[in-house]
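Asker: What would the 3D arrangement of this be:
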Amino acid sequence: MKKQNTLFILFYLILLLLIVGCTNKNVPSDDFENDISKLENKIVELNQAVEKQRFLLEEQEKKIMLNEMKMETVEELNTVLHNNFHSMNELINLSIDSKTAMLNSAEIKGNTLNLNITFTEKIMDQDAPNGFHLEETEGGAITLSISENVPICLVKGGSSLIQVDWEEVVIHRGLLQLYEKDGEVVFISEIYLP
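Answerer: Take a look at the predicted model:
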């Protein structure tokens, strides 16, 4: 039995030596070098991708900086425009007579626009939410006929005065500034009420 076990162990050792001795030891080395080469190529590709992303990031940062500069310029121009508008408005108010009126209704009749208005006066009032209140002047509501050549500008978007067609005036209500020259209305603009 001992002899059988010894033969059995000897048989397995010879078999093991044959298997180990017959394997090609260069194959795993070639596979390993191949894998390393693939990993090196992948690292190069990833480095290129990182550089490309870094370049794109720098380009985006330049665009953001340029847009910020443009925004500053727009804000500066807006301030200049705002100041010029107020200067022109003051000049117009000093050189042309104007009256304030509440637009009650409007109706187109042929080549004229009939405005039903109530003349008002803007009274400064610190207790009022917007710093003033309107008082109706004597005379009550009247109808004022306007010809086609009189420009009418209404407030759009809360701050922009836009010249409008009569059809828009018909459906609009608000506070108007009527500019007169030689007793005739030559321009109408809406007054923004905050």
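
Asker: Scan this protein for its longest helix.
Answerer: Longest helix in the chain, counting residues (DSSP state H): helix 26-95.

Asker: Quick one: residues in contact with the longest strand belonging to the chain.
Answerer: For the chain, the longest strand by residue count, based on DSSP state E, is strand 132-147. Residues outside strand 132-147 that contact it (C-beta atoms under 8 Å, 6 or more residues apart in numbering) are 100, 102, 104, 111-125, 152, 175, 178, 185, 188. For every residue, glycine as well, the C-beta is placed using N, CA and C.

Asker: residues making contact with the helix or strand that comes right after that strand?
Answerer: Helices and strands here follow DSSP states H and E; after strand 132-147, the next one along the chain is strand 152-156. If you take C-beta under 8 Å, 6+ apart as the criterion, strand 152-156 is touched by 113, 146, 161-164, 166, 168-169, 172, 174, 187-192.

Asker: Can you check what angle separates strand 152-156 from strand 132-147?
Answerer: Interaxial angle, strand 152-156 versus strand 132-147 (axes from the mean of the first three to the mean of the last three C-alpha atoms, to 10 degrees): 140 degrees.

Asker: what sits against the residue nearest the centre of the chain?
Answerer: By C-alpha atoms, centre = their mean, the chain has its centre lying nearest to residue 71, at 11.2 Å. Neighbouring residues of residue 71 by C-beta under 8 Å, 6+ apart: there are none.

Asker: What is the three-state secondary structure of residue 189?
Answerer: Under DSSP: H, G, I helix; E, B strand; the rest coil, the three-state class of residue 189 is strand.

Asker: Contact partners for residue 174?
Answerer: Residue 174 neighbours (C-beta under 8 Å, 6+ apart): 102-103, 154-155, 190-191, 193.

Asker: Please tell me which one of those residues counts the most neighbours.
Answerer: residue 190 (21 neighbours; other C-beta atoms under 10 Å).
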